[in-house]
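> Test case, fold it:
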Amino acid sequence: MAALQAALREVSGLGVLFSSAAAERLGLHPTDLECLGYLADGPRSAGELASATGLTTGAITGAIDRLERSGCARREPDPSDRRKVLVRATPEAAARAAPVFGPMAAATAAVLAGYSDAELELLLGFLHKSRDATVGVLAALRQGGAGKSPA
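Residues are numbered from 1 along each chain as shown. Model (predicted):
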């Protein structure tokens, strides 16, 4: 268990370092790059981005403004609700990010290719549970609950 937790800390730390280096290479703030990552699956409202990242709506507005200025995202009307605005990643953002994230995607695919479908399902389940646990601990930390762990 200790070895697994140490390996998870190491991978997590390397992920943070990679993300920071990628943001720098792309000329983005690391928070803006994380927001852009959420937009990779399709447009989201500012509220959805705030919820996904745990950032305040004010911080999200600033990130969206910076992403627009960088040409990586744009605001557009929600086709199903004219009162809402969606934020969409631009094709330019994907083109700029591809050379930065392509090698990591290829390395990850090469690692995952060595696992069976059943093992991949196990890994995916673990990652989903880890994400959910992290969201809970992060929310508690932001609310002043440092040092507390979920039940």
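> domain ranges for this protein?
The record's domain split for the chain, according to automatic domain parsing, is 15-101, 115-151.
> Worst mean pLDDT among those domains?
Lowest mean pLDDT within those: domain 115-151, at a mean of 85.
> ok, which stretches of this structure are helices?
2-26, 30-39, 46-53, 57-70, 91-112, 117-142 (DSSP state H).
> circling back to that earlier point, which stretch among the domains of the chain is buried most, on average?
With neighbours defined as mean count of other C-beta atoms under 10 Å, the domains of the chain peak in mean count at domain 15-101, which reaches a mean of 15. Where C-beta positions appear, they are placed from N, C-alpha and C, glycine not excepted.
> Show me how far it is from its chain's centre.
9 Å (C-alpha atoms, centre = their mean, to the nearest Å).
> how close does Ala97 sit to Val87?
Note on Ala97: its distance to Val87, by C-beta to C-beta, to the nearest Å, is 16 Å.
> ok, now Ala46?
Ala46 is 7 Å from Val87, by C-beta to C-beta.
> cool, Tyr115 as well?
In this view, Tyr115 and Val87 are 35 Å apart by C-beta to C-beta.
> same check, this time on Leu122
Distance, Leu122 to Val87, by C-beta to C-beta: 34 Å.
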